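> next one to model:
(one chain, ligands or ions: 1)
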Amino acid sequence: MMKTKILKTLLDRRASGLKSFAILIDPDKIQDSGSLVKLINIAVENKVDFIFVGGSLLTGDNLHQVIERVKDHSQLPVVLFPGSTMHINVTADAVLFLSLISGRNPELLIGQQVIAAPILKRSNLEILPTGYMLIDSDNQTTVSYMSNTTPIPADKYSVAVCTAMAGEMLGLQLIYMDAGSGARFPIHPKMIASVRRAIDVPLIIGGGIDSVDKAMASLKAGADMLVVGNGIEENPNLLIEVSDAINNLNQELDVH
Ligand code: 1GP
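Below you'll find the predicted structure:
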């Protein structure tokens with residue numbers, strides 16, 4: 001695989017206004033191989049674009065097996081969503097090379113990245129330089145606790161806008177705004193729209209999207225890609241419903 005393939009896909013899709021859908025698999029939450037394979041098959045049938053794998057805290061040791069299983073049963077690109085350098089696995093296709101730009105913890109702005117750099121350089125992973133912005137969602141999420149950072153307040157749109165602009169100016173290729181896994185509320189569409197207007201790079205939105213309505217609100221506000229994890233674990237039909245909604249939106253664009 002070319003090492004810029006996924007980024008190029010995202011840029012092309014953004015240029016045409018096409019939306020993308022990633023499901024997040026948290027290896028810790030995989031009970032058995034059968035249910036994982038079932039999920040992968042549903043993802044393939046419903047034209048999910050990417051499989052994100054990871055979590056801010058992984059307590060098990062099955063990251064490798066999960067990636068292997070996805071590879072065995074699909075051709076979907078596997079993108080690592082690492083909580084730390086310990087979550088690098090070179091058998092994936094790409095890695096979100098995250099800088100936690102909403103926080104002021106130097107370890108997650110540049111420290112872990114320095115440690116990861118030589119490992120990633122030797123790998124065939126596509127590196128996706130990503131400005132990661134945590135947005136407050138009323139309950140403390142694992143990622144805000146683990147990262148020892150304060151999320152951007154949910155109603156401080158200008159802070160989010162300026163943070164995203166700075167990330168883009170620093171050369172980050174993607175901005176990922178995350179309310180955190182299992183967030184009580186997803187990011188407000190008005191905040192998404194404000195950030196969307198301020199930057200050109202693809203905008204990824206995740207955290208707390210547990211219904212089609214919430215997914216549609218994020219997409220219409222300007223998300224280029226949605227990431228859904230918990231919602232699908234709780235209601236596997238959500239994958240099908242969100243996929244249908246995204247495919248319909250994309251078809252409308254193709255027609256016009
Ligand atoms: C978390 O954005 C992802 O980092 C997905 O969140 O699990 O709440 O869908 P959910």
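
> CA atoms for contacts and neighbours, from now on please.
Fine.

> what's the weakest-modelled helix or strand in the protein?
Lowest by mean pLDDT, DSSP states H and E among the helices and strands of the chain is helix 142-147, with a mean of 87.

> list the contacts of that one.
Residues outside helix 142-147 that contact it (CA atoms under 8 Å, 6 or more residues apart in numbering): S56, L57, N105, L108, L134, T150, P151, G180, S181.

> same question for stretch 191-199.
154-155, 157-158, 160-161, 164-165, 168, 203, 218, 221-223.

> can you do 7 Å?
Identification of contacts with stretch 191-199 by CA atoms under 7 Å, 6 or more residues apart in numbering yields Y157, A160, V161, A164, M165, E168, S218, A221, G222, A223.

> surely I51 is in a strand?
Yes: counting by DSSP: H, G, I helix; E, B strand; the rest coil, I51 falls inside a strand.

> hang on, it packs against Q75?
No: using CA atoms under 7 Å, I51 is not in contact with Q75, being 10.1 Å away.

> quick one, which of these two is more surrounded?
Set side by side, I51 and Q75 show more neighbours around I51, with 23 against 10, by other CA atoms under 10 Å.

> where does this structure dip in pLDDT?
Confidence mapping of the chain against pLDDT under 70 gives the ranges 1-2, 255-256.

> report the central residue of it.
Taking CA atoms, centre = their mean, the centroid of the chain lies closest to V227, which sits 4.9 Å from it.

> tell me how far the helix or strand that one falls within lies from the chain's centre.
Assigning secondary structure by DSSP states H and E places V227 in strand 225-228. Remark: strand 225-228 is offset 6 Å from the chain centroid, using CA atoms, centre = their mean, to the nearest Å.

> cool, and stretch 230-237?
Chain-centre distance of stretch 230-237: 16 Å, with CA atoms, centre = their mean.

> so is that stretch next to the ligand?
Yes: using CA under 6 Å from any ligand atom, stretch 230-237 comes into contact with the ligand via N230, G231.

> buried set for that stretch?
N230, G231, I232, E233 (16 or more other CA atoms under 10 Å).

> what's in contact with that stretch?
Stretch 230-237 has contacts (CA under 7 Å, 6+ apart) with S181, G182, I209, D210, L238, L239.

> just the CA trace of the longest strand seen in the chain, in CSV.
Across the chain, the longest stretch assigned as strand under DSSP state E is strand 126-134. This file holds the C-alpha atoms of strand 126-134, laid out as CSV (Å, rounded to 0.1, in the frame of the first residue of the first chain):
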residue,chain,number,x,y,z
GLU,A,126,0.9,5.3,6.8
ILE,A,127,1.3,8.2,9.2
LEU,A,128,-1.7,10.4,9.5
PRO,A,129,-0.6,13.6,11.4
THR,A,130,-3.7,14.5,13.4
GLY,A,131,-4.6,17.4,15.7
TYR,A,132,-6.7,15.7,18.4
MET,A,133,-9.1,17.9,20.3
LEU,A,134,-11.0,16.7,23.3
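
> hmm, back to that, contacts with the ligand among the contacts of helix 142-147, please.
Answer for the contacts of helix 142-147 near the ligand (CA under 6 Å from any ligand atom): G180, S181.

> so I67 sits against A94, correct?
No: using CA under 7 Å, I67 is not in contact with A94; the gap is 11.6 Å.

> tell me the contacts of N250?
The contact partners of N250, taken as CA under 7 Å, 6+ apart, are L18, K19.

> next, work out how far apart it and the ligand are.
From N250 across to the ligand, the span is 21 Å (CA to the nearest ligand atom, to the nearest Å).

> which strand or helix spans that residue?
Using DSSP H and E, N250 sits in helix 237-255.

> alright, that wraps it up for me.
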